[in-house]
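Peer 1: Sequence and computational prediction follow.
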Amino acid sequence: MINHPAEPFRIKMVEPIHLISREQREKAMQVAGYNLFSLKAQDVYIDLLTDSGTGAMSQHQWAAIMEGDESYAGASSYFHLQEAMQQIFGFEYFVPTHQGRAAENILCAIKIKPGNIIPSNMHFDTTDANIRARGGIPDNCVTSEAFDIHSSNPFKGNMDLEKLENVIKTAGAENIPFGCITITNNAGGGQPVSLQNIKETAALYHKYNIPFFIDCCRYAENSYFIKKREAGYEQKSLLEIANEIFSLADGAFMSAKKDAIVNIGGFLAVRDQDLFQDICNELILREGFITYGGLSGRDLEAMAVGLKEGLDENYLTYRIGQTAYLGQQLIEKGVPIIEPPGGHAIYVDAGSFLDHIPQPEFPGQAVAAALYLEGGIRAIEIGSVMFAHPDPYSGEMVYPKLELVRLALPRRVYTQSHLDYVVEIFTHLKDRRKDLRGYKLTYAPPLLRHFTARFTPLT
Ligand code: F0G
């Protein structure tokens with residue numbers, strides 16, 4: 001039995017939410033083409049679409065916002081952020097970006113030539129798409145245990161080093177301009193990567209002279225898992241663990257909308273001076289000057305404070321405990337999820353929950369749509385809508401190994417009773433799951449199709 005942890009904060013300001021009627025929800029879904037991204041947020045009761053940019057900022061962050069320096073160049077807010085960046089990540093150079101994908105775009109624009117391979121444990125959607133948009137080919141080398149939803153391996157986000165070395169040998173190191181690892185692994189259950197595995201991944205990339213980049217938007221949650229689960233790290237502070245992680249890499253990119261608990265922001269950090277020069281040129285062309293990178297001074301301030309708050313152990317004990325609570329409740333009600341629960345989200349195994357719906361009919365989409373229709377809950381499909389794609393060589397559709405629905409928990413936003421409501425709605429769905437039907441795509445763009453696709457329900 002896992003208890004919901006008491007929140008290490010009290011609530012000073014509230015935002016009203018409403019549950020509209022079933023009829024109104026049905027109408028809203030029709031208008032949205034059954035795509036949950038196309039709903040009006042005010043028609044959603046509990047919004048678990050994403051943990052990105054949806055967190056509640058603290059009084060310290062709001063206070064810092066009032067001190068934002070909006071100078072075009074050399075703003076003091078930039079130097080506040082620089083100090084936090086130095087303390088946690090320790091890279092020689094960095095630029096702020098407006099969010100994670102802007103950092104990915106800059107790196108991919110500079111580094112990738114058509115046909116290049118970019119390995120990772122698993123790339124998330126925007127990284128995958130930014131690589132493809134430059135003619136590159138993303139390659140996922142996560143341990144096969146990531147796909148065994150019941151495996152209790154504490155580090156299911158780990159890179160399979162043998163797979164990675166095979167990819168490098170087959171592609172040739174000269175065709176791999178950089179390699180990645182994503183912490184935690186968002187495409188595979190929000191599962192952490194061990195420090196040992198990050199070390200070995202770095203060593204392997206470096207053996208072949210491949211620069212190593214960390215996609216680190218949930219690095220603080222990953223650091224917490226290392227402290228709790230990896231031998232030798234029990235006594236280390238989370239800051240020391242983070243320092244060790246980043247000391248192994250040549251660069252990192254981050255969507256600060258996650259573990260830095262801001263509504264907007266990100267960065268790209270590197271050690272190499274020449275690469276930094278190229279990054280600055282690309283940044284100035286597309287995002288803004290080097291000391292603000294598409295953000296306002298107040299955003300930089302909120303990020304500087306949020307980076308430190310996101311790494312606070314009390315906060316993370318509550319945060320990871322809340323996710324574990326939701327996971328445990330769902331398991332007890334017989335809802336299949338990726339175990340153990342991840343950091344920022346619970347991933348329901350829609351493929352087995354709706355095993356009567358085949359992959360081309362999108363079982364994850366069916367669960368996500370049913371959650372909204374049944375209870376006004378918004379979640380996201382992480383399955384064939386998001387990741388099925390034609391093979392670049394044969395043109396045949398390649399389906400992902402798992403059909404998931406992610407219930408992402410915004411930081412410091414929902415309470416135990418909200419989560420109990422989610423569990424209650426799942427219990428109703430479970431009873432009538434055989435009545436649920438799949439969906440057919442009526443529109444899909446070539447990249448990142450889940451954002452704007454439209455569907456029709458199959459009868
Ligand atoms: N990398 C990972 C691992 C992510 O989870 C995300 C965003 C990005 C990069 C891109 O960052 O949105 O700031 O441009 N993930 C969000 C999500 C959108 O819902 O998981 P961004």
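Peer 2: All right, it came through fine. Quick caveat, the model's predicted, so the values are computed rather than measured.
Peer 1: Up against the ligand, what does the stretch 51-200 of the chain have?
Peer 2: Counting by CB under 6 Å from any ligand atom, the residues of the stretch 51-200 of the chain close to the ligand are 52, 99, 100, 101, 124, 126, 127, 182, 186. C-beta coordinates here come from the backbone N, C-alpha and C atoms, glycine included.
Peer 1: give me every residue that touches whatever residue of the chain ends up closest to the ligand.
Peer 2: Using CB to the nearest ligand atom, the single residue of the chain nearest to the ligand is residue 100, 2.5 Å away. By CB atoms under 8 Å, 6 or more residues apart in numbering, the contact set of residue 100 is 126, 215, 217, 253, 254, 255, 256, 257, 266.
Peer 1: hey, what's the closest residue to it other than its chain neighbours bridged with?
Peer 2: By the measure of CB to CB, 6 or more residues apart in numbering, the closest residue to residue 100 outside its immediate chain neighbours is residue 255, 2.7 Å from it. On DSSP bridges, the residues paired with residue 255 through beta bridges are residue 266.
Peer 1: From residue 310, how far out is the residue of the chain closest to the ligand?
Peer 2: When CB to CB, to the nearest Å is applied, the distance between residue 100 and residue 310 equals 15 Å.
Peer 1: ditto for residue 355
Peer 2: Separation of residue 355 from residue 310 (CB to CB): 38 Å.
Peer 1: neighbour-wise, which of those two wins?
Peer 2: Set side by side, residue 355 and residue 310 give different neighbour counts by other CB atoms under 10 Å, the larger being at residue 310 (26 against 14).
Peer 1: Ramachandran angles for the more buried one?
Peer 2: Phi and psi for residue 310, reported as degrees, to the nearest 10, are phi -70, psi -20.
Peer 1: same deal with the one 10 residues further on?
Peer 2: With angles defined as degrees, to the nearest 10, residue 320 sits at phi -70, psi -30.
Peer 1: correct me, but it touches residue 225?
Peer 2: Yes - at 7.5 Å, residue 320 counts as touching residue 225 under the criterion of CB atoms under 8 Å.
Peer 1: okay, and the common contacts of these two?
Peer 2: Common neighbours of residue 320 and residue 225, using CB under 8 Å, 6+ apart, are residue 343.
Peer 1: Name the residue in those two with the higher neighbour count.
Peer 2: Higher neighbour count among residue 320 and residue 225: residue 225, with 27 against 19, using other CB under 10 Å.
Peer 1: residues in contact with the more buried one?
Peer 2: Contact analysis of residue 225 by CB under 8 Å, 6+ apart lists 154, 155, 184, 192, 320, 343.
Peer 1: show me the residues around residue 178 that make contact.
Peer 2: Listed by CB under 8 Å, 6+ apart, the contact partners of residue 178 are 107, 111, 118, 210, 211, 212, 213, 250, 251.
Peer 1: How about residue 272?
Peer 2: Shown in contact with residue 272 (CB under 8 Å, 6+ apart): 211, 250, 251.
Peer 1: Go through stretch 419-429 and flag the buried ones.
Peer 2: Neighbour-count burial for stretch 419-429, counted by 16 or more other CB atoms under 10 Å, picks out 419, 421, 422, 423, 425, 426, 429.
Peer 1: Now distance to residue 81 too, for the residues you listed, in CSV please.
Peer 2: CSV is the format used below for the buried residues of stretch 419-429 (distance: CB to CB, whole Å):
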residue, distance to residue 81
419, 33
421, 38
422, 35
423, 39
425, 40
426, 40
429, 43
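Peer 1: and these, which of them are in helices?
Peer 2: Secondary structure assignment (DSSP state H) places 419, 421, 422, 423, 425, 426, 429 from those within helices.
Peer 1: Now render those residues as JSON lines, adding pLDDT and distance to the ligand.
Peer 2: As requested, those are arranged in JSON lines below (pLDDT from 0 to 100; distance: CB to the nearest ligand atom, whole Å):
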{"residue": "419", "pLDDT": "98", "distance to the ligand": "18"}
{"residue": "421", "pLDDT": "98", "distance to the ligand": "21"}
{"residue": "422", "pLDDT": "98", "distance to the ligand": "17"}
{"residue": "423", "pLDDT": "98", "distance to the ligand": "22"}
{"residue": "425", "pLDDT": "98", "distance to the ligand": "21"}
{"residue": "426", "pLDDT": "97", "distance to the ligand": "20"}
{"residue": "429", "pLDDT": "97", "distance to the ligand": "22"}
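Peer 1: closest to residue 337 among these?
Peer 2: Top of the list for closeness to residue 337, among these and by CB to CB, is residue 426 at 9.9 Å.
Peer 1: neighbours around the residue nearest to residue 45 when sequence neighbours are not counted, how many?
Peer 2: Nearest-residue entry for residue 45: residue 376, 3.2 Å, with adjacent residues in sequence omitted and distances by CB to CB, 6+ apart. By other CB under 10 Å, the residues close to residue 376 number 24.
Peer 1: Which residues lie in contact with residue 376 in this structure?
Peer 2: Contacts for residue 376 (CB under 8 Å, 6+ apart) come out as 19, 20, 25, 43, 44, 45, 46.
Peer 1: Whichever of those residues end up buried, select them in PyMOL.
Peer 2: In PyMOL, selecting the buried portion of the contacts of residue 376, with burial taken from 16+ other CB under 10 Å, looks like this:
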select buried, resi 25+43+44+45+46
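Peer 1: Out of the contacts of residue 376, which is nearest to residue 291?
Peer 2: Once CB to CB is applied, the member of the contacts of residue 376 that ends up nearest residue 291 is residue 44, at 36.8 Å.
Peer 1: can you pull the contacts of the closest one?
Peer 2: 17, 372, 376, 377, 378.
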